[in-house]
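Asks: All I have is the shape, not the residue letters:
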């Protein structure tokens, strides 16, 4: 902090229309003192005082302009070098291994000062996923886990994607140079779950599973689109299953999650792995409706599992049928809590995260 007489002089200098060489010396001293107290010393280079000094070079008398400009430039160089020196000193500090930050014999006084665990909380997505999983378990579903990296077979082939389908293009799906894929949907787990649980069908045990997981898409980011988000896949297979069963299941879950009756509708949509394929829409709460916008919001894709998908997993489609869905987790959380921008979930903003602290 600048002492009061010193601060007064600086304010007077900043109000002047122009600067002289003596002004530069006084302001340089002030800038150096302020830089020494900044957490990031490089930010001093964006200080309004320094910017005004640079801008005033052109206003100096021609006989003084060269010396004035050289003096201001030397000041910028000195401030930059001081910032780099301070950053180097910070980089020289030994790193802290957060998994084992100190040995068991280190006294409390010599232990690194870490934030107490009481200051943290589960991320809102993890909190709400726990709520969703609890509802589905009570409805008779098993919870399986998705993968963060997968292969072409489970992403496309097992899900009835034709070889020429545009979603196979590298521009639509993130792929590694080895041909591995970051899942664009949790449907990559359908084949595995169907194969793992198909034996129970012969004994009257339906395949009933939900698969929460993180998915990745090459999206243009905006308030409703993210490149990384979460889905919950649902699969149910038994004899005599219909679209009516699917709609009732989804409605039951949504009403339990939002804790209020919901009004929904479906509309046809193409997904290679379901036939028929549908989009599931719910009527938006009045508080979310905007003039001129639709009252309906699409929250998931769904449909009857395509016979080719069942057949590929060794399930007889002439004997068994089933449905599947993939719902966006963040979208449901946004509706439930009135959040208007999906990018908040990945932002790391403490003011947003603290809204959910203590809800578990």
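Replies: Thanks, I have the structure now. Since we're looking at a predicted model, the values are computed, not measured. Numbering: from 1, shown residues only.

Asks: Please name the bridge partners of the residue lying closest to residue 246 once chain neighbours are set aside.
Replies: Spatially, and ignoring its direct neighbours in sequence, residue 246 is nearest to residue 323 (3.7 Å; Cβ to Cβ, 6 or more residues apart in numbering). From N, CA and C alone the C-beta is placed, and that goes for glycine too. Beta-bridge partners recorded for residue 323 (DSSP bridges): residue 236, residue 304.

Asks: Run a quick neighbour tally on residue 323.
Replies: Residue neighbour count, defined by other Cβ atoms under 10 Å, stands at 23 for residue 323.

Asks: same question, the one 10 residues further on
Replies: The local packing of residue 333 (other Cβ under 10 Å) involves 23 other residues.

Asks: ok, now which ones touch it?
Replies: Residues counted as contacts of residue 333 (Cβ atoms under 8 Å, 6 or more residues apart in numbering) are 124-125, 128, 339, 345.

Asks: next one: residue 263
Replies: Contact analysis of residue 263 by Cβ under 8 Å, 6+ apart lists 282-283.

Asks: Look up phi and psi at it.
Replies: Note on residue 263: backbone dihedrals following degrees, to the nearest 10 are phi -110, psi 130.

Asks: just to revisit the earlier point, what's the distance between the residue nearest to residue 246 and residue 132?
Replies: 18 Å (Cβ to Cβ, to the nearest Å).

Asks: returning to that earlier point: adding pLDDT and secondary structure, write the contacts of residue 333 out as JSON lines.
Replies: Listed next are these as JSON lines, based on pLDDT from 0 to 100; DSSP: H, G, I helix; E, B strand; the rest coil:
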{"residue": "124", "pLDDT": "93", "secondary structure": "helix"}
{"residue": "125", "pLDDT": "95", "secondary structure": "helix"}
{"residue": "128", "pLDDT": "95", "secondary structure": "helix"}
{"residue": "339", "pLDDT": "88", "secondary structure": "coil"}
{"residue": "345", "pLDDT": "93", "secondary structure": "helix"}
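
Asks: Quick one, grab the pLDDT at residue 17.
Replies: For residue 17, the model assigns a pLDDT of 35.

Asks: Going forward, the N-terminal residue is numbered 50.
Replies: I'll keep to 50 as the first residue from here, and by that count the last item is residue 66.

Asks: what about the residue nearest to residue 319 when sequence neighbours are not counted, how many neighbours?
Replies: Once flanking residues are discounted, residue 319 sits nearest to residue 326: 5.5 Å by Cβ to Cβ, 6+ apart. Neighbours of residue 326 under the rule other Cβ under 10 Å: 18.
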